[in-house]
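Asker: can you look at this prediction? I've put the sequence above it.
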Amino acid sequence: MTYDDLIPVMRRLAIEAGAKIMEIYNSDEFEVKVKSDESPVTEADEAADALISAGLRAAFPDVMLVTEEQADSHSTSGDTFLIVDPLDGTKEFIHRRGDFTVNIALVEKGVPTRGVVYAPARERMFFTLADGSAVEETGAFDPDTIGETKAIRVADSDNSALMVVASKSHRDQATDDYINKYAVRDSKSAGSSLKFCLVATGEADLYPRVGRTMEWDTAAGHAVLGGAGGKVVRFDDHSPLTYGKDGYANPFFIAYAPGVELKKA
């Protein structure tokens, strides 16, 4: 598997999954179930997962695959793997708020190196090119042909006037307490992995997450942000956030443009 092989496949599958998700999103009603961890899952999650998993396994049968919706994949381990969240932001989807994404990433030696984040309801798509740099695509999102793209880059942050982005569904007092350590010009809320992408494009400087996430929630956004010059570190000691951890669970973290002077937890 080369990066030149991988990128078109990830992008195509994200667009095809996004079309399936929007078909269900725009229907009169859809089924919502509750998983064993009390989190919701919809038929859109399951349909997108089936499509992406089949596509990745067909294209890259020798590469380990971890996906949120397939519990048996959560007990696998390795230092190189594809990781998928077919519908990140299920609560946003259920409440028809639009801030949900399709996420596909490649992790190598604990680092997300390539990824795609597609927000079909927002008509925004971000991905890494074969060389690792990050772009945003605009246009018709043809599955087979990459449209017009523009390189994205993190902001040259002004520490006296930072823009902060935080979770729409999971914001709490601990998050606000940490944000209040900074000189903040403004803050915005966003759902799903879009928060990483807003830092990657320079629309925000800082995204702190003081709450539970899993690696499939963050890997694709992390890869895009890394390709745009950003960083993701653990909340407690500011060491790099790594992947392939036991159970694929993340600690609290901070995603940011390197110009931000990080405050201690």
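Answerer: Now that the structure is in, tell me what you want to look at.
Asker: quick one, strands of the stretch 101-250 of the chain?
Answerer: Ranges of strands within the stretch 101-250 of the chain are 101-108, 111-119, 124-128, 134-138, 148-151, 162-167, 184-190, 206-209, 213-214, 231-234, 249-250, based on DSSP state E, counting those that start in this stretch.
Asker: in CSV, list those strands along with mean neighbour count.
Answerer: Backbone N, C-alpha and C define where each C-beta goes, glycine included. What follows is those, written out as CSV (neighbours: other Cβ atoms under 10 Å):
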stretch, mean neighbour count
strand 101-108, 28
strand 111-119, 26
strand 124-128, 26
strand 134-138, 20
strand 148-151, 12
strand 162-167, 22
strand 184-190, 14
strand 206-209, 26
strand 213-214, 20
strand 231-234, 19
strand 249-250, 17
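Asker: where does the prediction get shaky in the stretch 151-265 of the chain?
Answerer: Along the stretch 151-265 of the chain, the model assigns pLDDT under 70 to residues 168-170.
Asker: what about 80?
Answerer: 168-171 (pLDDT under 80).
Asker: again, but for the stretch 1-150 of the chain
Answerer: For the stretch 1-150 of the chain, the ranges with pLDDT under 80 are 36-38.
Asker: just put the strands of the stretch 101-250 of the chain in a markdown table and tack on distance to Thr242.
Answerer: Formatted as a markdown table, those follow (distance: least, Cβ to Cβ, whole Å):
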| stretch | distance to Thr242 |
| --- | --- |
| strand 101-108 | 9 |
| strand 111-119 | 7 |
| strand 124-128 | 18 |
| strand 134-138 | 20 |
| strand 148-151 | 27 |
| strand 162-167 | 22 |
| strand 184-190 | 24 |
| strand 206-209 | 15 |
| strand 213-214 | 14 |
| strand 231-234 | 9 |
| strand 249-250 | 10 |
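Asker: and Asp62, which of those is closest to it?
Answerer: The closest of those to Asp62 is strand 101-108. By Cβ to Cβ, the value is 13.3 Å.
Asker: sheet-wise, list the partners of that closest one with their directions.
Answerer: strand 80-88 (antiparallel), strand 111-119 (antiparallel) (DSSP bridges).
Asker: the last one to strand 134-138, inter-axis angle?
Answerer: When you say that, I think you mean strand 111-119. Comparing the axes of strand 111-119 and strand 134-138 via axes from the mean of the first three to the mean of the last three Cα atoms, to 10 degrees yields an angle of 10 degrees.
Asker: out of the strands of the stretch 101-250 of the chain, which gets nearest to Asp37?
Answerer: So among the strands of the stretch 101-250 of the chain, strand 213-214 is nearest, using Cβ to Cβ, at 9.9 Å.
Asker: in stretch 244-256, what's buried?
Answerer: 244, 248, 250, 252-256 (16 or more other Cβ atoms under 10 Å).
Asker: gap between Gly147 and Glu137?
Answerer: 5 Å (Cβ to Cβ, to the nearest Å).
Asker: just the helices in this structure please.
Answerer: 3-25, 43-59, 90-94, 173-179, 194-200, 215-227 (DSSP state H).
Asker: how about those in a markdown table, adding mean neighbour count?
Answerer: What follows is the helices of the chain, written out as a markdown table (neighbours: other Cβ under 10 Å):
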| stretch | mean neighbour count |
| --- | --- |
| helix 3-25 | 20 |
| helix 43-59 | 19 |
| helix 90-94 | 21 |
| helix 173-179 | 15 |
| helix 194-200 | 29 |
| helix 215-227 | 29 |
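Asker: could you find the closest non-adjacent residue to Gly221?
Answerer: Phe196 (2.9 Å; Cβ to Cβ, 6 or more residues apart in numbering).
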